[in-house]
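Peer 1: pasted the sequence and its predicted model underneath.
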Amino acid sequence: MTATHPAHHPHQHTAKMAWAGGLTAFAAVMLLIAGLLAVFRGIMAIAQDDVFVTTPNYVFKFDLTSWGWIHLVLGVIAVAVSIGLFQPAAWARGAGVAIAALVIIANFLSLPYYPVWSVVMIALSGFIIWALCVVRGDDTADTADTAADTADPRVG
């Protein structure tokens, strides 16, 4: 009497899906927070708040109001994409990576205006990109399908 063991254990598949779902949820929450903070930063810059420092002779010198509008628009898009990440939307992962990359670029270019916060946002956006890239597309897509497959058949 020999027992055959399936090559693919259901427990491993469930753990893998939980890991994928957890990273996607992490990215969605972090992108939502980063987007909201970018919106607030944009509003502060548009209102010409005294929080920002102006640096003379900076290569990428823009008007503070211009930086405010850039951060405001990026923030609104980031919030919209993060809402898509909470749903199992295929477009949201690619858009999340793209918007996080744009947030990194915008914060790098506006480093002299708010240096510490720019570095924090660059690091946060890097974690968002990592979380969205480490999960394969089929891992997150299978989460909804397997949830229906693993339902108790005795329940109606």
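Peer 2: Sure thing, it's come through.
Peer 1: now do the helices in the protein.
Peer 2: Secondary structure of the chain by DSSP state H: the helices cover 10-46, 64-86, 90-109, 115-134, 137-149.
Peer 1: and those as a markdown table, adding mean neighbour count?
Peer 2: Every C-beta, even on glycine, is put in place using the N, C-alpha and C of the backbone. What follows is the helices of the chain, written out as a markdown table (neighbours: other CB atoms under 10 Å):
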| stretch | mean neighbour count |
| --- | --- |
| helix 10-46 | 18 |
| helix 64-86 | 19 |
| helix 90-109 | 19 |
| helix 115-134 | 17 |
| helix 137-149 | 14 |
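Peer 1: format those as CSV; extra columns: mean pLDDT.
Peer 2: Below are the helices of the chain laid out as CSV (pLDDT from 0 to 100):
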stretch, mean pLDDT
helix 10-46, 78
helix 64-86, 90
helix 90-109, 91
helix 115-134, 90
helix 137-149, 47
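Peer 1: quick check: nearest residue in space to residue 25, chain neighbours excluded?
Peer 2: Distances taken as CB to CB, 6 or more residues apart in numbering place residue 86 nearest to residue 25, at 7.6 Å, with adjacent residues excluded.
Peer 1: how about residue 93?
Peer 2: Using CB to CB, 6+ apart and skipping the chain neighbours, the partner closest in space to residue 93 is residue 132 (5.2 Å).
Peer 1: one more: residue 121?
Peer 2: Sequence neighbours aside, residue 107 is the residue nearest to residue 121 in space, at 4.5 Å (criterion: CB to CB, 6+ apart).
Peer 1: and that neighbour, how close does it get to residue 123?
Peer 2: Distance, residue 107 to residue 123, by CB to CB, to the nearest Å: 10 Å.
Peer 1: next: residue 73.
Peer 2: 22 Å.
Peer 1: repeat that for residue 68.
Peer 2: According to CB to CB, residue 68 stands 22 Å off from residue 123.
Peer 1: was I right about residue 79 contacting residue 35?
Peer 2: Yes. Residue 79 is within contact range of residue 35, at 3.9 Å (criterion: CB atoms under 8 Å).
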